[in-house]
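got a sequence here, can you build the structure:
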Amino acid sequence: MIDMSPNIVLVVTIGVLFAAGVYLLLERSLSRVLIGVILIGNGANLLFLVAGGAAGRPPIVGTEPEGQMSDPLPQAMVLTAIVITLGMTAFLLALAYRSWQLHRHDEVQDDVEDRRIARLAAVDERAFTDADTEIASDTLDVEAAEARDETDQGAPARETPREVRP
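Numbers count the residues shown, from 1 in each chain. The predicted structure is shown next:
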């Protein structure tokens with residue numbers, strides 16, 4: 001019988017990689033975000049391998065008994081995760097390099113609209129007025145009474161508006 005319990009050192013390493021990766025992803029510097037993506041990718045690879053169980057014999061049908069073969073699916077998932085992490089790394093490197101060329105730093109700046117909304121939230125003002133919530137409830141009741149219900153067969157049909165041609 002193969003022991004399926006994971007090594008505690010690997011589990012702690014996965015937790016540390018994910019925690020450090022998430023922490024770095026929340027930073028403004030693209031180089032730190034890049035390192036965070038790499039750490040999370042490595043943590044995911046390690047998680048796939050640990051979740052795959054204990055290593056076994058090569059998964060070649062006919063050469064080994066089925067109970068002793070290792071599962072090839074976690075290895076395929078790790079290879080796919082490596083390719084995805086490589087693509088994300090290349091993309092973030094390109095973003096950081098372009099930001100360095102343009103601004104001589106790689107920090108992500110706030111959007112102008114985000115700053116405006118934050119300023120309005122600080123003084124507790126609305127960014128826009130909502131016509132639906134500004135009118136009184138009695139006018140809503142009147143509008144509801146005047147509205148035609150399509151399921152009501154006895155109500156007179158409204159005229160359809162004619163197209164206005166220029």
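
what separates residue 95 from residue 102, distance-wise?
11 Å (Cβ to Cβ, to the nearest Å). All C-beta atoms are positioned from the backbone trio N, CA, C, and that covers glycine.

cool, residue 111 as well?
16 Å.

and residue 82, by the same measure?
In this view, residue 82 and residue 102 are 31 Å apart by Cβ to Cβ.

so where's this structure uncertain?
1-4, 110, 125-166 (pLDDT under 70).

which strands and helices sit next to the top helix by length along it?
Scanning the chain for the longest helix, with DSSP state H as the assignment, gives helix 72-103. If contacts are counted by 3 or more Cβ pairs under 8 Å, 6 or more residues apart in numbering; DSSP states H and E, helix 72-103 sits against helix 30-51.

now the helix it packs on and helix 72-103, what's the angle there?
Relative orientation of helix 30-51 and helix 72-103, computed by axes from the mean of the first three to the mean of the last three Cα atoms, to 10 degrees: 180 degrees.

just to revisit the earlier point, so for residue 82 and residue 102, which sits in the more crowded spot?
Per other Cβ atoms under 10 Å, whichever of residue 82 and residue 102 has more neighbours is residue 82, with 14 against 8.
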